[in-house]
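Colleague: just a sequence and a predicted model for now, questions to come.
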Amino acid sequence: MSTVDAWETFQRGSVPVGVRAEVLASWRRSRWNGVDPSIGVPPVGPADDDTPFVRAAAPVLLQMADLLADSRTCLSLADRNGHVVWRWVSDRALGADCDRAGMQFASSFNEREVGTCGIGAALETGRLATVLGAEHFVESFQRWACVAAPVASPVTGRTVGVVNVTCRAVDANHFLQVAARSLADGVRSALSDAATDAEHRLLQEFLRARARTTAPVLALTEDLLLTDPATAELGLDHADTWARLREAGPGAALVPLGNGVVAEVAAVDDGAVLTLRSTASASGTGVPAATSAGRGRRLTPLEQAESDVIAATLAACEGNKSAAAARLGISRGTLYQKLRRYRPLAP
């Protein structure tokens, strides 16, 4: 079964054969997200071409462009939402063709909006993604071949954008994957070189703070936010948290963040590492939350976050409290105190 036949079979609601597993998985996600395979051009969304990612990545791609002048190739960058933020084409005719297809600045190639494509698949899987011709979910995109690679921040470890290499499907060759991998590696190196010493120090202090406590931890500057999984679930707003920190002043040891949460502050250069506590535990009363608030009270989001970390560690240590306490970096007595505090409050 050819790829075109497989695509048509899938669109009829049957299970195709002869299609790569990663492509079929993406087709299924695309259908689940309600993507219309007959759309003509991608939607347009907010895009910013003046970000640390673009500033670091564009020169790397332009170096490769010198080697691609006669290759009928398009190089592009997309942000972490799948919106095109930079583009280069090898010739004017290809550029006009890309424009007609909607492959231009601010166009969205998020898989949830346009289905299977290089940029969207790379963002969805976190890996190099190759989408050739009829493997695209949207029929009008099937004239193209795309290979895209995600790029992670050297400081946060999170995907900040995507490098994409595109050509007409009839011109596709193995060089697309080689080029995408090489470009992504080059952009990662450029981002690492551009990261400031202060950002690296903030990352190190963030990691040290996480190793010392079971409480949620975050680190931030005005432009950068680092969170652990427990803190991310709390949904704290970066700008609001930074504003509260600045309002409290450089000497503040405790900063209220609202909703029963207070942050213990450790200043680092132009930023800070915040260890989050409930207002009851930070008050210095030493009274367990279960006793002071009543055993019928539900856990606050902050308490739930710490409780989840403890529960996961205990599970990983097969219930061995001494091993769990050692892994958490706390004493066995402190672990027992936290268990007494949280277990009566669990939902």
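Modeller: Done, it's in. Numbering: from 1, shown residues only.

Colleague: give the contact list for residue 24.
Modeller: Counting by CB atoms under 8 Å, 6 or more residues apart in numbering, residue 24 touches 10, 16. Placement of C-beta: from N, CA and C, glycine included.

Colleague: name the element it belongs to?
Modeller: Counting by DSSP states H and E, the element that carries residue 24 is helix 21-32.

Colleague: next SSE downstream of that helix?
Modeller: Downstream of helix 21-32, the next assigned helix or strand under DSSP H and E is helix 52-65.

Colleague: need the CA coordinates for that next one. PDB is fine.
Modeller: Taking Å, rounded to 0.1, in the frame of the first residue of the first chain, the C-alpha atoms of helix 52-65 are listed here in PDB:
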ATOM      1  CA  PRO A  52      17.000  34.800  22.500                       C
ATOM      2  CA  PHE A  53      16.200  31.700  20.500                       C
ATOM      3  CA  VAL A  54      15.900  33.500  17.200                       C
ATOM      4  CA  ARG A  55      19.000  35.700  17.900                       C
ATOM      5  CA  ALA A  56      21.100  32.600  18.600                       C
ATOM      6  CA  ALA A  57      19.600  30.300  15.900                       C
ATOM      7  CA  ALA A  58      19.300  32.600  12.900                       C
ATOM      8  CA  PRO A  59      23.100  33.000  12.400                       C
ATOM      9  CA  VAL A  60      23.600  29.300  12.600                       C
ATOM     10  CA  LEU A  61      21.000  28.600   9.900                       C
ATOM     11  CA  LEU A  62      22.500  31.400   7.700                       C
ATOM     12  CA  GLN A  63      25.900  29.600   7.800                       C
ATOM     13  CA  MET A  64      24.200  26.500   6.400                       C
ATOM     14  CA  ALA A  65      22.400  28.600   3.900                       C
END
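
Colleague: show me the shaky parts of the stretch 201-347 of the chain.
Modeller: By pLDDT under 70, the low-scoring segments of the stretch 201-347 of the chain are 280-301, 341-347.

Colleague: any chance you could map the helices in it?
Modeller: In the stretch 201-347 of the chain, the helices defined using DSSP state H, counting those that start in this stretch lie at 229-232, 238-248, 279-282, 289-293, 301-316, 321-328, 332-342.

Colleague: tabulate those helices in TSV, adding columns for mean neighbour count.
Modeller: What follows is those, written out as TSV (neighbours: other CB atoms under 10 Å):
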stretch	mean neighbour count
helix 229-232	17
helix 238-248	15
helix 279-282	18
helix 289-293	16
helix 301-316	18
helix 321-328	17
helix 332-342	16
